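J.: output the structure for:
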Amino acid sequence: MTSITLTLFDAVRTNLNKSYNLDKNDAIVSSSFATMSKGTYKTITLTGPVELNNVLNNLLDTQAVAIGVCNNGNSGKIKSNKSKQKDAINRSKDNFGFSNGFMFDIDESSLAINEVIPALCVIDPNLKNASILVRVSSSYGIHKTGEQPKVDSCGYHVWVLGVKDPTDIERYGKDFAKRCWLAGKGFIKISKCGSLLVRQLIDVSVFSPERLVFEATPTLGVGIEQTERPYRIQYGASNV
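T.: Below you'll find the model as predicted:
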């Protein structure tokens, strides 16, 4: 069974998931807490995409994960850059290195969930032999009670397990993004202030070992529901 080793973070005094509530106009508004200045970390090893999916489904609202592992032990405390706490470390590239898995982050996309892996295999055919878990984003299917959810587009987290050479992950992510453009999967997005933003099928910024990956189920306010989040698993050649 192809395994994956990653880091589980647990924040202190803050949530790491999104929350959804109704505003005074009865519209859904979201908020998120994307920073972690204090907490703990723990290295975990999961034996295959099914166990990975189960763990991610059961994350607490204070928890997130990272594709890397700590260079200073399998567990410990996290502090902010300004903190002088001696028994804790910063969540930085100096303290975390790549492990045997990574994640593709696909932002709002019209791809159906069963089309995600084939689309990635167009860029890199070697992915046909990999163990892969595809999960819709945590915001999938959020809707007001009594209404139908809009699920014609969504984001995806695509977990790739069993990487043989972790030192090559950062290079691979950058090259994959470039190959997206060669395959016609790149575009320029205009920001609100008029800047030109380079975008492609995947977000290249997630190929960093210390970066938080937010998978926890969102907190829903009164009058808001969420459709069950689908997932897809591809078992690699070693599992056939």
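J.: in contact with the most centrally placed residue in the chain, which residues?
T.: The centre of the chain sits closest to residue 213, judged by CA atoms, centre = their mean, with a distance of 4.1 Å. When the contact criterion is CB atoms under 8 Å, 6 or more residues apart in numbering, the partners of residue 213 are 64, 65, 66, 67, 103, 157, 206. To be clear about C-beta, it is placed using only N, CA and C from the backbone, and glycine gets the same treatment.
J.: what ranges do the helices span in the chain?
T.: For the chain, the helices defined by DSSP state H cover 49-57, 116-123, 169-182.
J.: and stretch 206-224, what's buried?
T.: For stretch 206-224, the neighbour count (16 or more other CB atoms under 10 Å) marks 206-218, 220, 224 as buried.
J.: neighbours of residue 73, how many?
T.: Counted with other CB atoms under 10 Å, the neighbours of residue 73 add up to 12.
J.: how close does it sit to residue 40?
T.: Here residue 73 is placed at a distance of 12 Å from residue 40 (CB to CB, to the nearest Å).
J.: before we move on, back to that, could you dump the contacts of residue 213 into TSV and include pLDDT and distance to residue 55?
T.: Output for those, formatted as TSV (pLDDT from 0 to 100; distance: CB to CB, whole Å):
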residue	pLDDT	distance to residue 55
64	97	12
65	98	8
66	98	13
67	98	14
103	98	14
157	97	13
206	94	18
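J.: among those residues, who's most crowded?
T.: Going by other CB under 10 Å, residue 67 tops the contacts of residue 213 with 27 neighbours.
J.: list the contacts for that one?
T.: Contact analysis of residue 67 by CB under 8 Å, 6+ apart lists 6, 98, 99, 101, 102, 103, 169, 206, 207, 209, 211, 213.
J.: swap in residue 113?
T.: 134, 136, 156, 230, 231, 232.
J.: that one and residue 59, how far apart?
T.: Distance from residue 113 to residue 59, by CB to CB: 20 Å.
J.: circling back to that earlier point, of the contacts of residue 113, buried ones?
T.: Buried among these (16+ other CB under 10 Å): 134, 136, 156, 231, 232.
J.: from those residues, which is closest to residue 23?
T.: Nearest to residue 23 among the buried ones among the contacts of residue 113: residue 136, at 24.7 Å, using CB to CB.
J.: beta partners for that closest one?
T.: Taking DSSP bridges as the rule, residue 136 bridges to residue 156.
J.: quick check, it in contact with residue 156.
T.: Yes: between residue 136 and residue 156 there is a contact under CB atoms under 8 Å: 6.1 Å.
J.: picking that back up, of the helices of the chain, which is nearest residue 147?
T.: Across the helices of the chain, residue 147 has its closest neighbour in helix 49-57 (24.5 Å, CB to CB).
J.: before we move on, the earlier item: okay, the helices of the chain in JSON lines with mean pLDDT, distance to residue 200 and mean neighbour count next?
T.: Converted to JSON lines, those look like this (pLDDT from 0 to 100; distance: least, CB to CB, whole Å; neighbours: other CB atoms under 10 Å):
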{"stretch": "helix 49-57", "mean pLDDT": "98", "distance to residue 200": "25", "mean neighbour count": "18"}
{"stretch": "helix 116-123", "mean pLDDT": "97", "distance to residue 200": "9", "mean neighbour count": "19"}
{"stretch": "helix 169-182", "mean pLDDT": "96", "distance to residue 200": "4", "mean neighbour count": "16"}
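J.: quick one: closest of these to residue 236.
T.: When the helices of the chain are compared by CB to CB, helix 49-57 sits nearest residue 236, at 9.0 Å.
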